[in-house]
Each structure stands twice: as structure tokens, then as C-alpha cells.
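J.: Give me coordinates for this.
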Amino acid sequence: MARKNNGKKKDFFCPILHKREKTEVIKGHIINKAIRGPGITIPQRKDVDRFFGEIEADFVLMLKNQGKEATDMAFSKPTEGGNIPKLYANGREQKYYTVPHNKGIIPDGYSRVPFFPQSYKPGGRDVVITSLDPPETLRFEVDLACTWQTLVSLIKAAHLTLVYLLGDRYIQSASGYFVGHDILGIFYEKVKEILDKDTVNKKRKEIVAALAVEYFSEFQNMVRPLTVPIKECVVQGTLIDRHFYICTDSKGNSPWWAMMVFVATPPLLSAILIPSFDDALTAGRFMDTMHSSSDMVLYTRNAHWERENPAPWSIGEQIEESVWPKSDFEQYI
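T.: Got it, this is the predicted structure:
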């Protein structure tokens with residue numbers, strides 16, 4: 001989401017594409033405006049901000065559907081959108097559509113099944129499926145967990161949080177280049193190249209999704225949702241409280257190999273690992289974490305950033321141990 005700049009172009013260095021050129025620049029939100037966030041903006045390329053905004057739209061709908069029953073979501077009005085539940089009849093997935101209860105003409109070869117979800121009391125709705133006989137069992141299921149849209153949205157939000165807080169010391173670092181250019185920037189360029197060659201293709205979202213699933217599977221271990229409700233967390237989001245965890249070894253003797261950035265997208269609070277890449281040792285530790293397929297134990301210290309202070313980092317002495325659970329990304333492909 002962004003504010004307009006009336007189409008004027010200016011010389012701008014993009015922290016995602018990592019290149020400087022004349023382009024339209026807007027005030028883009030670090031965390032999507034549609035999410036109940038702080039509303040903080042930074043200068044961003046209009047085309048890049050719009051591209052990732054389309055991806056974030058699906059993530060926003062996922063957040064809005066948190067806590068809803070799958071059955072109620074299946075009968076939601078089209079404008080409420082979001083994650084479309086799958087329907088299983090007698091254990092097998094079925095295509096379906098819904099109609100008002102006991103109204104409308106059902107085509108031959110289809111079956112009408114009455115449903116009375118809470119969102120449509122007392123009138124109810126009917127499910128229409130391609131079956132001659134009403135099924136014995138009918139259930140709806142929906143995935144509201146880690147999707148590729150979640151992964152992309154949270155990595156971008158963490159990256160822009162560091163751009164906002166740390167400025168050039170992060171943007172021009174190996175870490176800033178890796179997350180900005182090598183992860184987000186290359187993905188943007190790959191999609192743009194495909195779409196530029198096929199400007200009439202109406203399946204834009206399908207093209208982006210297919211590439212994203214393949215591309216971001218390598219980075220699935222960067223993001224994890226916190227299981228504690230956001231209202232009960234001491235951390236309320238790095239963008240607001242400037243609170244981090246720094247990742248070290250069990251004795252706290254090794255250099256930082258990653259920063260844990262917290263992104264608040266109510267009702268979800270997520271932790272995102274951003275590499276330090278100070279040397280070969282820290283880079284190797286981060287990449288080992290990316291390639292892990294099992295639960296991992298992370299050793300961290302509390303850290304706080306105060307830009308105004310001569311020594312901006314305040315780092316706690318206590319080492320905390322936490323489990324970084326294995327990724328569930330593959331099951332949502």
C-alpha cells in the first residue's frame with residue numbers, strides 16, 4: 001500500500017533491487033496498510049511496492065480469516081474473500097458452489113446438500129456438488145498457516161524494518177544485499193521477465209504462485225510464527241519497540257550469525273531470521289539453518305537498538321534457548 005507522488009520520477013536507490021535509476025517513488029508502508037500496524041512508511045519504488053502489495057493482499061485476507069470456521073468461510077460473501085475452503089464428500093475432494101437454501105434450479109447430475117452455517121442463520125445455504133446422491137459425510141477444510149504469500153510478505157516486512165531502523169549500515173551490508181537483492185529482488189526480476197514476454201496472459205497470479213513456491217522453498221526456514229498470542233508477548237514488533245534477538249552459540253562466544261526480527265501482523269506475531277554474514281563461519285551457520293529439515297535449537301540474547309545513542313546496540317548477557325520448529329511450508333504447496 002502506498003501514497004501517490006503524481007507520476008514524477010526521481011533518482012532513487014532501491015533497497016530491494018539494489019540499483020539506482022530514475023523511477024517513480026512513493027511513500028510505501030513497511031507493513032501493509034490493511035493490517036492493523038503502526039502505519040510507518042519509507043520511500044519505495046512504486047512498481048516494486050505495487051508488485052509485493054498484490055502478494056500481501058492474499059496474506060491480509062489470511063489474517064482476516066484467522067479464527068473463522070471453515071464452514072462459515074465457505075459461505076462467506078465474495079467480497080470477504082480469503083482462503084477458499086476445500087470440500088470433501090465421503091472423504092474425496094469435490095468442486096462445489098453454494099446457493100440460497102431451497103432456491104434456484106440445480107442442473108442434472110448435481111446434488112443439493114442443505115447447510116446452516118452461523119454466518120447465514122437462520123436461512124441457511126445449500127451446497128451444490130457434482131453427485132447424483134447426497135453424500136453421507138461432508139466437511140470443509142482450510143489452511144491458514146504458512147503459505148508462500150506469508151513467507152514473502154514477512155521477509156519483505158523484516159527487510160524494510162531494518163532499512164528503516166539501521167539505514168545504510170544495513171542496506172549496504174552483505175546481509176542487506178542478500179535479503180534485498182538475492183531473495184526479494186531476484187524474485188521480482190524473474191516474475192517481471194516472464195510477464196513482460198507474455199503481456200496478454202490472464203493467469204498472472206498462477207504464474208507468480210508457481211515461481212514463488214519453487215523459489216521461496218529455499219528460504220522457508222527464515223520465518224516462524226510465535227505460538228504465544230500477540231497480546232501476551234513482551235515483544236510487540238521490532239518496528240515499534242526496536243527489540244531483536246541475536247543468535248549466537250550455547251556459550252555466547254561466537255559472533256552473531258543472525259538477527260531475529262519480530263513482525264507484528266495482528267493477530268499474528270512472527271520471527272524472521274536475518275543473516276549477519278560477517279565472515280565464512282557466520283554465513284555457513286545461517287545457510288546450515290536454511291537447509292535443515294528438522295527442529296533446531298537456537299541460542300539467543302536480547303538486543304535493543306537505539307539509533308540516537310553513540311553505542312546504539314544494547315545487548316543482554318543472558319543466553320536463552322528456544323526451539324525453531326521444522327518448516328511446514330511443503331504441505332501448503
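J.: Pull the number of nearby residues for Arg224.
T.: Other residues lying near Arg224 total 22 when counted by other Cβ atoms under 10 Å. (Glycine included, C-beta is placed from N, CA and C.)
J.: Do you know the pLDDT at it?
T.: If you check Arg224, the pLDDT there is 91.
J.: State the helix or strand in which the residue nearest to it when sequence neighbours are not counted lies.
T.: Spatially, and ignoring its direct neighbours in sequence, Arg224 is nearest to Ala271 (5.4 Å; Cβ to Cβ, 6 or more residues apart in numbering). In the assignment (DSSP states H and E), Ala271 maps to strand 268-275.
J.: who does that strand pair up with?
T.: Neighbouring strands of strand 268-275 in its sheet, by DSSP bridges, are strand 223-225 (antiparallel), strand 258-265 (antiparallel).
J.: for these, which one ends up most surrounded?
T.: Mean neighbour count (mean count of other Cβ atoms under 10 Å) peaks for strand 258-265 among the strands paired with strand 268-275, with a mean of 24.
J.: List the contacts of that one.
T.: 31-32, 35, 37, 59, 63, 153-154, 157-158, 161-162, 226, 230, 235-240, 243-247, 269-276, 282, 285-286, 289, 298, 300, 303 (Cβ atoms under 8 Å, 6 or more residues apart in numbering).
J.: Among those, the buried ones, what's the ChimeraX command?
T.: The ChimeraX command for the buried members of the contacts of strand 258-265 (criterion: 16 or more other Cβ atoms under 10 Å) is given here:
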select :31,32,35,37,59,63,153,154,157,158,161,162,230,235,237,238,239,243,244,245,246,247,269,270,271,272,273,274,275,276,282,285,286,289,298,300,303
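J.: Okay, and which of the contacts of strand 258-265 map to strands?
T.: When DSSP state E is applied, the contacts of strand 258-265 are split such that 243-247, 269-275, 298, 300, 303 fall in strands.
J.: Pull the most distant pair out of these.
T.: Using Cβ to Cβ, the two most remote members of the ones in strands among the contacts of strand 258-265 are Leu269 and Pro275, lying 21.2 Å apart.
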